Each structure stands twice: as structure tokens, then as C-alpha cells.
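Engineer: build me a model:
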Amino acid sequence: MSGSAQDGPGGSDGAGLAGTDGAVSPIEGIDERAVEASLRPADLSEFVGQPKVREQLQLVLESAMQRGRPPDHILLSGPPGLGKTSLAMITAAELGAPIRITSGPALERAGDLAALLTSLAPGEILFIDEIHRIARPAEELLYMAMEDFRVDVVIGKGPGATAIPLSLEPFTLVGATTRAGLLTGPLRDRFGFTAHMEFYEPEELDLVLRRSASLLGIDLRPDGSMEIAGRSRGTPRIANRLLRRVRDYAQVRGAGVVDAATARTALAIYDVDEIGLDRLDRAVLDALVRRFHGGPVGVATLAVAVGEEIETVESVAEPFLVRAGLLARTPRGRVATPAAWTHLGLPRPPGAGGQLGAAGPALF
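Structural biologist: All right, here's what the predicted structure looks like:
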């Protein structure tokens with residue numbers, strides 16, 4: 001079984017944020033889409049990780065094919081870079097159906113969505129990335145389309161306006177979101193199958209890297225693969241990006257072989273440390289520990305201290321720092337955990353970090 005760069009064209013909710021162009025950003029860069037597309041798995045048997053989601057999706061697709069009908073609408077949620085776009089494309093490939101790809105922000109008006117829906121072929125897959133960002137008028141049109149395969153097109157304005165019902169060919173909507181909590185209840189309820197993508201284990205990323213190295217013609221040694229996997233923040237997209245950066249170093253300054261020593265040296269140049277923290281992550285952690293004595297401190301103050309936008313700190317740095325157990329969100333502000341002091345090689349003064357132990361972290 002082998003894996004790939006498992007996410008795709010539409011990017012994610014963090015697209016366009018300042019500071020997201022680093023080596024360990026889960027946001028897909030415009031210049032890497034062609035490479036990512038070439039590494040995607042062709043079917044479920046090639047898709048690494050997410051065993052529960054894979055099995056559930058396979059049952060949904062096989063039962064639909066046996067009935068000779070399009071499967072229920074599918075919602076894929078989870079952090080960027082884990083394979084939502086790849087699964088949407090695999091869904092189309094498994095069904096032998098064409099796929100139409102768009103994104104929530106592109107559907108600003110109900111008319112845009114109506115034109116798209118009425119042009120779908122029978123059984124076609126409509127993939128909407130960042131579906132939580134779809135405009136409200138378009139979303140309300142989508143309710144009827146998903147449930148009854150029908151849309152009402154309004155002709156004219158004011159008292160003379162007329163709604164003309166148009167029947168749609170049966171289709172399957174595959175929606176992807178990095179912020180499932182922002183979906184409205186009526187939209188969420190119209191999906192027959194919902195899957196949440198989890199972060200990958202290093203062993204799974206090792207399989208992803210081996211397949212990618214084979215496709216890209218990279219001489220990747222087992223120790224080099226595990227070294228990169230351990231710094232990839234549980235995300236296949238990041239793993240593949242780091243693999244390409246290490247390959248560049250090995251090609252220019254090494255013997256063309258990616259082993260553990262080469263990976264360590266290359267990733268040090270790209271400011272990726274042994275657990276996957278990059279420049280922004282360490283800047284946030286360092287400011288929290290050195291300038292604010294472990295907190296608590298507000299995110300706005302923290303963002304000013306590192307010279308970044310608030311949204312960048314919240315969306316790019318904080319999620320991994322929280323998941324790594326280095327930072328906690330509390331009602332009083334951001335607090336460095338004891339592990340943060342240890343990672344920075346600093347002694348933790350008595351009382352540092354406020355009342356983290358008593359209040360506990362507030363993760364949301």
C-alpha cells in the first residue's frame with residue numbers, strides 16, 4: 001500500500017494568509033499544485049492512512065454501484081493537507097464518473113451555482129472545496145438541489161418576478177471543509193456520509209514518502225524517510241514538500257542520496273526543527289516564554305510581538321503548537337506548557353505559565 005500528496009487544487013481556509021509560505025505550512029502553494037497532482041493516488045487501494053474513512057467510503061461507493069444510483073452526498077472535514085481533494089477525485093474514479101471542481105468562495109451568487117448545477121451530467125461528481133465559505137444565497141439554493149435535484153431560477157425583479165423550477169440530473173456533491181463548525185445545520189444535515197480526516201502517524205507518512213520518492217526518482221533511504229516523516233506534523237502535503245526540499249539539497253550539495261544525515265542538515269537550512277517547528281512556530285513560542293514569562297498573554301499582543309497578523313498566528317502556528325503540547329489556550333490567554341520551556345532548553349521559573357495547572361487548557 002502506498003500514499004501520496006493527499007490534498008489539492010482548492011487550497012484551504014487559510015489560503016492567502018501572510019506567513020503561510022513556509023516549508024511546514026499545510027496550505028498548498030500555487031507553484032506546487034502540478035507536482036501534488038502528479039503524486040495523488042488513483043484509487044482507494046493506493047490511499048495511505050485514514051483506515052476508517054477508507055473503509056466507510058468504500059462501502060458507500062460499492063453499495064451505490066450495486067444499486068446503480070449515485071451515492072449519497074459526501075462531506076469530508078479535517079485540517080488542510082490530509083487528502084480531502086484526493087478522496088474526492090478517487091470517489092469519481094471509483095464510480096467511473098466525471099468530476100467538476102470549484103470552491104466555496106467562487107460561488108458568490110445563486111446564479112453562479114444554478115448555472116453550474118444545470119450543466120452537470122447524470123451521475124457527475126461536484127466537488128466544492130472550502131464549502132463552509134459558500135455565499136448564503138448560493139447555499140440556500142443548494143439545499144433544494146441536494147435534496148430534490150431541483151432548483152428554482154428567479155426571472156425578473158420585484159412583484160413581477162417569477163420562479164421557474166428546473167430539474168437537475170442526479171449528482172453527488174462532495175464537500176470539503178477545514179472548519180466543520182462553520183457549516184450551517186441545514187447544509188450539514190443534507191450530507192448522507194460525513195468523514196473526519198485525522199493526522200497521520202510517522203509510519204504512515206513513511207509510506208507516503210516512499211511512494212512519492214519512487215514517482216519523483218529520488219534515492220530515499222529508510223532512515224531519511226523516517227527523519228522527514230517525524231518532522232512533517234502528521235500531514236502528507238508537508239511530508240512531500242520537505243522531501244522535495246531535501247532532494248534539492250542532496251542534489252546540489254550532497255551525493256544525491258537522501259539519508260538521515262542529509263535530511264537533518266537540509267531541514268536545518270529550511271528552519272524545520274526535530275519536531276517540525278518552523279521559524280514562525282519558534283518565534284511565537286520564544287516570545288511567549290522569554291518576553292511574557294510563559295503567559296498568559298492575549299493573541300493580539302503575541303502577534304504584535306512576532307510581527308505577524310493575528311489570523312496568521314491563530315490559523316498557522318497555534319494549531320500545531322497546541323497539538324504538540326507546547327501551548328495552551330486558556331480563558332486568560334495563551335500559556336506556555338512545561339514542554340515548551342524544555343523544547344527551548346530553558347529552565348521554567350516557579351509560577352511561570354499562570355494558573356495552567358489549575359484552570360486547564362481551553363482548546364477552543
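Engineer: quick check: Gly136 vs Thr184, distance?
Structural biologist: Residue 136: Arg, not Gly. Distance, Arg136 to Thr184, by Cβ to Cβ, to the nearest Å: 9 Å. Glycine gets a C-beta too; all of them are placed from N, C-alpha and C.
Engineer: those two: which is more packed in?
Structural biologist: Set side by side, Arg136 and Thr184 show more neighbours around Thr184, with 13 against 9, by other Cβ atoms under 10 Å.
Engineer: what's the per-residue pLDDT of that one here?
Structural biologist: Thr184 carries a pLDDT value of 89.
Engineer: got it, and Asp13?
Structural biologist: For Asp13, the pLDDT comes out at 44.
Engineer: again, but for Leu220
Structural biologist: Value for Leu220, per-residue pLDDT: 93.
Engineer: and Ala359, by the same measure?
Structural biologist: 40.
Engineer: tell me the strands in this protein, going along the chain?
Structural biologist: For the chain, the strands defined by DSSP state E occupy 74-77, 99-103, 125-129, 150-155, 162-167, 172-177, 193-196, 219-220, 257-258, 327-330, 333-336.
Engineer: dump those into JSON lines; add distance to Ala283 and mean neighbour count as well.
Structural biologist: Formatted as JSON lines, the strands of the chain follow (distance: least, Cβ to Cβ, whole Å; neighbours: other Cβ atoms under 10 Å):
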{"stretch": "strand 74-77", "distance to Ala283": "29", "mean neighbour count": "24"}
{"stretch": "strand 99-103", "distance to Ala283": "31", "mean neighbour count": "18"}
{"stretch": "strand 125-129", "distance to Ala283": "30", "mean neighbour count": "26"}
{"stretch": "strand 150-155", "distance to Ala283": "49", "mean neighbour count": "14"}
{"stretch": "strand 162-167", "distance to Ala283": "53", "mean neighbour count": "10"}
{"stretch": "strand 172-177", "distance to Ala283": "29", "mean neighbour count": "26"}
{"stretch": "strand 193-196", "distance to Ala283": "31", "mean neighbour count": "17"}
{"stretch": "strand 219-220", "distance to Ala283": "31", "mean neighbour count": "18"}
{"stretch": "strand 257-258", "distance to Ala283": "28", "mean neighbour count": "20"}
{"stretch": "strand 327-330", "distance to Ala283": "12", "mean neighbour count": "22"}
{"stretch": "strand 333-336", "distance to Ala283": "13", "mean neighbour count": "26"}
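Engineer: including distance to Glu227, could the ones you listed go into TSV?
Structural biologist: Formatted as TSV, these follow (distance: least, Cβ to Cβ, whole Å):
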stretch	distance to Glu227
strand 74-77	30
strand 99-103	34
strand 125-129	32
strand 150-155	52
strand 162-167	56
strand 172-177	30
strand 193-196	29
strand 219-220	10
strand 257-258	9
strand 327-330	25
strand 333-336	27
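Engineer: so which of those is nearest Leu242?
Structural biologist: Among these, strand 257-258 comes nearest to Leu242, with 10.3 Å by Cβ to Cβ.
Engineer: now that closest one, how far from the centre of its chain.
Structural biologist: 28 Å (Cα atoms, centre = their mean, to the nearest Å).
Engineer: again with stretch 106-120
Structural biologist: So, by Cα atoms, centre = their mean, the centroid of stretch 106-120 is 25 Å from its chain's centroid.
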